[in-house]
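Visitor: Predicted coordinates and the sequence they were generated for:
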Amino acid sequence: DILADQIAAGEVIERPASIVKELVENSLDAQSKRVDIIVENAGLDSIRVIDDGQGIAADDVELAFKRHATSKINSRQDLFRVQTMGFRGEALPSIASVADVELTTAIADATAGRTVHLRGGKLVTNQPAPARRGTDVRVTELFFNTPARLKYLKSPQTELARITDIINRLALANPQVAFSFTHNGKEIFRSAGNDNLQQVIATIYGIQAGRKMLAVQGTDNDFRVTGFVSLPELTRASRQYITIMINHRYVRNYALTKAIIQGYESKLMVGRYPVAVINIDLDPVLVDVNVHPAKREVRLSKEDQLAKLIAQTIRQRIAQENL
Ligand code: ADP
Ligand code: MG
């Protein structure tokens, strides 16, 4: 199966942030309303993700760690068609193969939960646990058996910044979910989960809700663009503070990022960038299937048309400000 092989090749647990991303996406796939992320020493000592989602049935817990045993999605275009983010069925086995993993889970109304402990890919124990609905995954001793990979990691500050960045993007894409992120016992981020995107933006970027973010909305025959942008002179942001989502999935796309910037008068942009969180609703057939979804880079058919719509939508909104 070429598709499976292609996808497998792209699946790499490179660093602590990749683990956080995979675990949190699993929590989101499980319809969690609340996701708590607890990290020690930039993930090198411990990464723990606790959710209140559907949980895993006792009989399926070991199966969840078997490569390709699960696959939520069958083709790459499906990725943008369905709600789930996982599609490869190999994040858990990959993580367990390079770390010590303890997963405790219970489904709704179960009389008992289950705790499995795996180390270097091998099952250590599988025991009954309290029936708390949801899943709690703890990953410790990352790369203990692959010391070469440890050497590729950057400083703890850099690894922490990458973790923070991915949590921010996932929180922006899921304002209906209450996230918390605690590092070395200190709370770094918390979102309310009340579906208020503007509030999530304000929490992440330190913008007073309702004051400096401008709501934007624009549509044409193929696309619907919605979100919030700031005026560039109000931020000290870099291009990194631009988040683009397609059908509420965080993606990266150079042309669309450029289009956001082009929506501003260049005189406003002297050495500054805006905060921008833009979602594009589109028919998934417009997503280019040749781009690997694990990398989050997407290309679109009609990309030029969309870029124009984005730039124009922002330009018109900024013009209303009478600067
Ligand atoms: P994928 O997400 O691609 O299916 P993973 O290796 O990430 O593969 O997860 C394997 C399976 O374990 C999932 O399909 C899901 O059934 C189950 N699972 C993992 N994490 C959770 C979670 N937090 N809540 C409920 N089920 C989970
Ligand atoms: Mg997954």
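Guide: Received the coordinates, thanks. Residues are numbered from 1 along each chain as shown. Ligands and ions are numbered 1, 2, ... in the order given.
Visitor: can you pull out the helices in the protein?
Guide: Using DSSP state H, the helices of the chain run over residues 2-10, 16-29, 91-97, 147-151, 156-173, 197-205, 254-262, 303-319.
Visitor: Tabulate those helices (TSV), appending mean pLDDT and distance to ligand 1.
Guide: To be clear about C-beta, it is placed using only N, CA and C from the backbone, and glycine gets the same treatment. TSV is the format used below for the helices of the chain (pLDDT from 0 to 100; distance: least, Cβ to the nearest ligand atom, whole Å):
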stretch	mean pLDDT	distance to ligand 1
helix 2-10	33	10
helix 16-29	94	3
helix 91-97	90	3
helix 147-151	86	19
helix 156-173	96	13
helix 197-205	92	21
helix 254-262	93	26
helix 303-319	96	28
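Visitor: So which of those helices is the most surrounded?
Guide: Sort the helices of the chain by mean neighbour count, taking mean count of other Cβ atoms under 10 Å, and helix 16-29 sits at the top with a mean of 24.
Visitor: Does anything pack onto it? Which helices or strands?
Guide: Secondary-structure packing of helix 16-29 (3 or more Cβ pairs under 8 Å, 6 or more residues apart in numbering; DSSP states H and E): strand 34-40, strand 46-51, helix 91-97, strand 134-140, helix 156-173.
Visitor: if we can go back for a sec, ok, which of the helices of the chain comes nearest Leu118?
Guide: Taking Cβ to Cβ, helix 91-97 is the member of the helices of the chain nearest to Leu118, at 4.2 Å.
Visitor: does ligand 2 sit close to that closest one?
Guide: Yes. Interface with ligand 2: helix 91-97 contributes Ala91 (Cβ under 5 Å from the ion).
Visitor: Could you check how far whichever residue of the stretch 101-250 of the chain sits closest to ligand 1 is from Pro175?
Guide: Scanning the stretch 101-250 of the chain for proximity to ligand 1 using Cβ to the nearest ligand atom identifies Thr135 as nearest, at 3.6 Å. Separation of Thr135 from Pro175 (Cβ to Cβ, to the nearest Å): 22 Å.
Visitor: so what's the residue nearest the centre of the chain closest to, chain neighbours aside?
Guide: By Cα atoms, centre = their mean, the mean C-alpha position of the chain lies nearest to Leu170, the distance being 3.6 Å. Take Leu170 and drop its neighbours on the chain: the residue closest to it by Cβ to Cβ, 6 or more residues apart in numbering is Val24, 5.5 Å away.
Visitor: check contacts around that neighbour.
Guide: Counting by Cβ atoms under 8 Å, 6 or more residues apart in numbering, Val24 touches 35, 37, 49, 166-167, 170.
Visitor: Adding distance to Leu118, write those out as TSV.
Guide: Listed next are those as TSV, based on distance: Cβ to Cβ, whole Å:
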residue	distance to Leu118
Val35	22
Ile37	20
Val49	16
Ile166	23
Ile167	24
Leu170	25
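Visitor: would a markdown table of these with distance to ligand 2 be doable?
Guide: Shown next, in a markdown table, are the contacts of Val24 (distance: Cβ to the ion, whole Å):
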| residue | distance to ligand 2 |
| --- | --- |
| Val35 | 14 |
| Ile37 | 15 |
| Val49 | 12 |
| Ile166 | 14 |
| Ile167 | 16 |
| Leu170 | 13 |
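Visitor: all strands for the stretch 151-300 of the chain, in order.
Guide: Taking DSSP state E, counting those that start in this stretch as the criterion, the stretch 151-300 of the chain contains strands spanning 178-183, 186-190, 213-219, 224-230, 242-246, 249-251, 276-281.
Visitor: would CSV of the helices of the chain with distance to Arg296 be doable?
Guide: Formatted as CSV, the helices of the chain follow (distance: least, Cβ to Cβ, whole Å):
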stretch, distance to Arg296
helix 2-10, 11
helix 16-29, 10
helix 91-97, 15
helix 147-151, 21
helix 156-173, 9
helix 197-205, 18
helix 254-262, 12
helix 303-319, 16
